[in-house]
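>>> Here is my input, please return the structure:
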Amino acid sequence: MRRAATLLSTLFIGASLVVACSNAPTRPAHPALLSLTCADSAGQQGQSGETLTGGVEGLVLPGSDDPAGLYPVGKAGDGKPYFIYKAFLAVSASAAPFATVSVTRPASARLVYGSPSRIGGLFSADSGQPLVMAARSQVRLPVCGPRFTGFTGGVIVTGPGCVTFQVSSPSARSATVSVPIGPGRC
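Sure, this is the predicted structure:
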């Protein structure tokens, strides 16, 4: 009788583990840093006169506080609605060899950058899931020449809010900036 009880207990525990493991999230673990290469850039650009933050321009843009700048990308696998604020970033040669842009707040905001064809492919997906899955909390932008190196992408958010970025580089002074994405003020 004890053997039967022990066997049943062992089977129950084993079955519970199988069920628990099969219900684990299907989202693969991703590193927090998306490291781009010069092949991912949109090429060399002149400085456009935008605010330079830690060697990167394109984070502080006029009109970022306009909710119309948020483009719905649908719901991802977690059922939440997501939006993207498109922001072309350009890293200055003075930040060589690279600059890293990190989202520090809110925890739900992410960055998605890549070659123009990759970003275009992610935008053309039927759902927002590939775009959301490609997003990270940090992106490393390489310097690829004597001018500003441009990168296509944007900021993924769950709704209007204030997003705080930190920009760091081995060559430029680190900087932090809060940007209203959708709301009127931070």
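>>> where in this structure is pLDDT low?
Low-confidence segments of the chain, defined by pLDDT under 70: 1-30, 76-77, 184.
>>> what sits opposite the closest residue to S174 other than its chain neighbours in the beta ladder?
Leaving out its chain neighbours, the residue that sits closest to S174 by CB to CB, 6 or more residues apart in numbering is S168, at 4.4 Å. (Glycine included, C-beta is placed from N, CA and C.) Counting by DSSP bridges, S168 is bridged to T100.
>>> Neighbours of S168, how many?
20 (other CB atoms under 10 Å).
>>> Y85 now?
Counted with other CB under 10 Å, Y85 comes out at 20.
>>> helices or strands up against the strand or helix carrying it?
Taking DSSP states H and E as the criterion, Y85 maps to strand 81-86. Counting contacts by 3 or more CB pairs under 8 Å, 6 or more residues apart in numbering; DSSP states H and E, strand 81-86 is packed against strand 70-75, helix 129-134, strand 148-157.
>>> right, so of the ones you listed, which gets closest to R110?
Closest approach to R110 among these is made by strand 148-157 (4.4 Å; CB to CB).
>>> Okay, and the beta partners of the residue nearest to the spatial centre of the chain?
The centroid of the chain falls nearest to L111 when counting by CA atoms, centre = their mean (2.0 Å). Note on L111: beta-bridge partners by DSSP bridges are R136, V155.
>>> Tell me the spacing between it and G58.
11 Å (CB to CB, to the nearest Å).
>>> is P81 in a bridge, and if so with what?
Beta bridges link P81 to K75, judged by DSSP bridges.
>>> check contacts around the closest residue to S108 other than its chain neighbours.
Closest residue to S108 apart from its sequence neighbours, by CB to CB, 6+ apart: T158 at 5.1 Å. By CB atoms under 8 Å, 6 or more residues apart in numbering, the residues touching T158 are K80, P81, Y82, F83, S108.
>>> these two touch, right, the last one and G159?
Spelled out, that is S108. No - contact criterion CB atoms under 8 Å: S108 and G159 do not qualify, at 9.0 Å.
>>> how far away is P62 from A39?
Distance from P62 to A39, by CB to CB: 31 Å.
>>> wait, I meant A175
Look at A175 and A39: by CB to CB, they are 27 Å apart.
>>> who's more crowded, those two?
For A175 versus A39, the count of surrounding residues by other CB under 10 Å is larger for A175: 18 against 8.
>>> so where do the helices sit in the protein?
2-22, 116-123, 129-134 (DSSP state H).
>>> For the last one, output the C-alpha coordinates as PDB.
The C-alpha coordinates for helix 129-134 follow below in PDB (Å, rounded to 0.1, in the frame of the first residue of the first chain):
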ATOM      1  CA  GLN A 129       4.400  40.700 -32.500                       C
ATOM      2  CA  PRO A 130       7.600  40.500 -34.700                       C
ATOM      3  CA  LEU A 131       8.200  44.300 -34.100                       C
ATOM      4  CA  VAL A 132       7.700  43.900 -30.400                       C
ATOM      5  CA  MET A 133       9.800  40.800 -30.200                       C
ATOM      6  CA  ALA A 134      12.700  42.500 -32.000                       C
END
